[in-house]
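> have a look; sequence and predicted model below, questions after that.
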Amino acid sequence: MISVSEATSIILSHSVETGLEEVFIQEACGRILKEEVRADRDFPPFHRVTMDGIAISFNQWNQGQREFTITGIQAAGEPQKQLQNPTDCLEVMTGAMLPKGADSVIPYENLEIESGLAKIIKDNLVHGENIHPQGFDVKSNDLLLAPGITLSPAEVALLASVGKKKISVSAFPKAAIISTGDELVPVDLIPLPYQIRRSNSYALQSALREMGCAADQFHLPDDAETLASEVKKILAHYSLIIFSGGVSKGKYDFIPQTLERNGIQKRFHQVSQRPGKPLWFGTSSRHVVFALPGNPVSTYMCFYRYIKPWLIKSLGGELSTSHAILAVDFSFKPPLTYFLQVEVTNEKGQLLAYPQAGGGSGDFANLKAANGFLELPPERTDFKAGEVFNYFPFRH
């Protein structure tokens, strides 16, 4: 049995290159960027008016002129106009090009306009006010976005602004989720007294989909020969395989031997943790396989502790660690790393974690009360309020 840190190191050392694909920017949010994006022109591309009002020559105001004859309007989206006479002005709209010959914009609230004459009623003006200068934000060919970032709506706006209709992002691995267990029935059936509906596979599928990764579901019976045959077929079409159930030491836990029969090399089996101790991990030249314990909370915790970081690293994203403060004293006796379900709240800028221990690894109903878990280190029994621990969120 290995430690959580050893398991993490082994799993991350087997991250893979998932390849590239091009997607339309409407589908890019949440994806990992895999190309440089540079400005195709200055931002803004012209001296941009930032307030509705009039555009004047500041020098005229500086020489004492306070009334300007309006000779036209410069609207947003029109070609640039020009002050024919420095003693005149043009009305300008927000977003318009600054007219030639003008270098300052006076907003309407600082004007009195009557009979085509604009009188400035503000005592102090600043040269260049209410103008967003060309290239002030970004110069042409400046790097806007670097590979490896996760695209948010803000980055999508930048992509659109430089004409990137499609963008290169990390491709997702082709993923399969396999549940096992004769006690499990489809979600749309009424279980017999000795049966339960399948839920782990839906949780895993949803967790992957939340990251943008599609996955197909399979359910296999607790029969060694059927498992071996069906797993072989699945391995032929998928590179990321996630099992739920069948990895402990029971008489019907056939997954470890099934995988090894099909050429998947075991990297470890069992981690010194609770929940999720029976976790199995293996690889081949074409596959990465996680075999998770069947108890729902174990499945859930193992996904966020191990599979999600592995996928982020494989996609070329940046791994980050969050922390939260234990809000109350907590005790845990076994010498294992403990994944403590918590409800984390932001209180005066601090993330405080309140334990939601529940009824053990089978109590998945308790997950609705938690939004993440703290990782409590092994070889300790008592954990004090105010201590800071690694925090793994699974709900925002």
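All right, it came through fine. Residues are numbered from 1 along each chain as shown.
> where exactly do the helices run in the stretch 201-350 of the chain?
224-235, 255-261, 296-302, 308-315 (DSSP state H, counting those that start in this stretch).
> chain center to the third one, what's the gap?
Using CA atoms, centre = their mean, to the nearest Å, the distance from the centre of helix 296-302 to the centre of the chain it belongs to is 21 Å.
> out of the helices of the stretch 201-350 of the chain, the one nearest residue 26 is which?
helix 308-315 (19.6 Å; CB to CB). For the C-beta atoms, the positions are set from N, CA and C on the backbone; glycine is no exception.
> hang on, the earlier thing: can you redo the helices of the stretch 201-350 of the chain as TSV with mean pLDDT and mean neighbour count?
Listed next are those as TSV, based on pLDDT from 0 to 100; neighbours: other CB atoms under 10 Å:
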stretch	mean pLDDT	mean neighbour count
helix 224-235	94	16
helix 255-261	92	19
helix 296-302	90	26
helix 308-315	96	20
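> in CSV: these, plus distance to residue 36.
Formatted as CSV, the helices of the stretch 201-350 of the chain follow (distance: least, CB to CB, whole Å):
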stretch, distance to residue 36
helix 224-235, 36
helix 255-261, 40
helix 296-302, 36
helix 308-315, 17
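> quick one: closest of those to residue 277.
Among the helices of the stretch 201-350 of the chain, helix 296-302 sits nearest to residue 277 (CB to CB), with 7.9 Å.
> what helices and strands are in contact with the closest one?
helix 200-210, strand 288-292 (3 or more CB pairs under 8 Å, 6 or more residues apart in numbering; DSSP states H and E).
> and residue 6, which helix or strand is it part of?
helix 4-13 (DSSP states H and E).
> show the contacting residues for the residue nearest the centre of the chain.
By CA atoms, centre = their mean, the mean C-alpha position of the chain lies nearest to residue 30, the distance being 5.1 Å. Listed by CB atoms under 8 Å, 6 or more residues apart in numbering, the contact set of residue 30 reads 150, 151, 152, 211, 212.
> what's the nearest residue to the fourth one if we skip its chain neighbours?
Nearest in space to residue 211, with sequence neighbours left out and distances taken as CB to CB, 6 or more residues apart in numbering, is residue 311 at 6.3 Å.
> same question, the third one
Spatial nearest neighbour of residue 152, excluding adjacent residues (CB to CB, 6+ apart): residue 29 at 6.5 Å.
> the closest residue to residue 322 other than its chain neighbours: neighbouring residues, count only.
Spatially, and ignoring its direct neighbours in sequence, residue 322 is nearest to residue 391 (4.5 Å; CB to CB, 6+ apart). Neighbour count for residue 391, taken as other CB atoms under 10 Å: 21.
> who are the contact partners of residue 391?
Contacts of residue 391 by CB under 8 Å, 6+ apart are 322, 323, 324, 342, 344, 351, 353, 372, 373, 374, 375.
> tell me the secondary structure at it.
strand (DSSP: H, G, I helix; E, B strand; the rest coil).
> check what pLDDT it gets.
Residue 391 is assigned 97 on the pLDDT scale.
> what does residue 58 give?
97.
> would you agree it is in contact with residue 125?
Yes - Residue 58 lies in contact with residue 125 (CB atoms under 8 Å); the separation is 6.8 Å.
> can you list residues touching both of those two?
Shared contacts of residue 58 and residue 125, counting by CB under 8 Å, 6+ apart, come down to residue 104.
> where does the stretch 151-300 of the chain dip in pLDDT?
252 (pLDDT under 70).
> all strands for it, in order.
Secondary structure of the stretch 151-300 of the chain by DSSP state E, counting those that start in this stretch: the strands cover 166-170, 175-180, 184-185, 196-197, 215-220, 240-244, 265-269, 273-274, 280-283, 288-292.
> the fifth one to strand 240-244, inter-axis angle?
Angular relation of strand 215-220 and strand 240-244 on a 0 to 180 degree scale: 50 degrees, by axes from the mean of the first three to the mean of the last three CA atoms, to 10 degrees.
> for residue 158, find the nearest of the helices of the stretch 201-350 of the chain.
That would be, of the helices of the stretch 201-350 of the chain and by CB to CB, helix 308-315, which comes in at 20.1 Å.
> could you give the angle of that closest one to strand 175-180?
150 degrees.
> what's the helix or strand for the residue nearest to the centre of the chain?
Using DSSP H and E, residue 30 falls outside every helix and strand.
> mind listing residues that contact stretch 315-332?
So stretch 315-332 is contacted by 12, 18, 32, 34, 147-150, 170, 172, 309, 312-313, 338, 340, 342, 344, 350-355, 372, 374, 376, 380-393 (CB under 8 Å, 6+ apart).
> now that stretch: buried residues?
By 16 or more other CB atoms under 10 Å, the buried positions in stretch 315-332 come out as 315, 316, 317, 324, 325, 326, 327, 330, 332.
> ok, residue 164 touching residue 35?
No - contact between residue 164 and residue 35 fails when scored by CB under 8 Å: they sit 9.1 Å apart.
> on that earlier part again, among the contacts of residue 391, which two are most distant?
351 and 375 (14.1 Å).
> residue 346 and residue 123, how far apart?
45 Å (CB to CB, to the nearest Å).
> of the two, give the one with the bigger neighbour count.
residue 346 (9 against 6).
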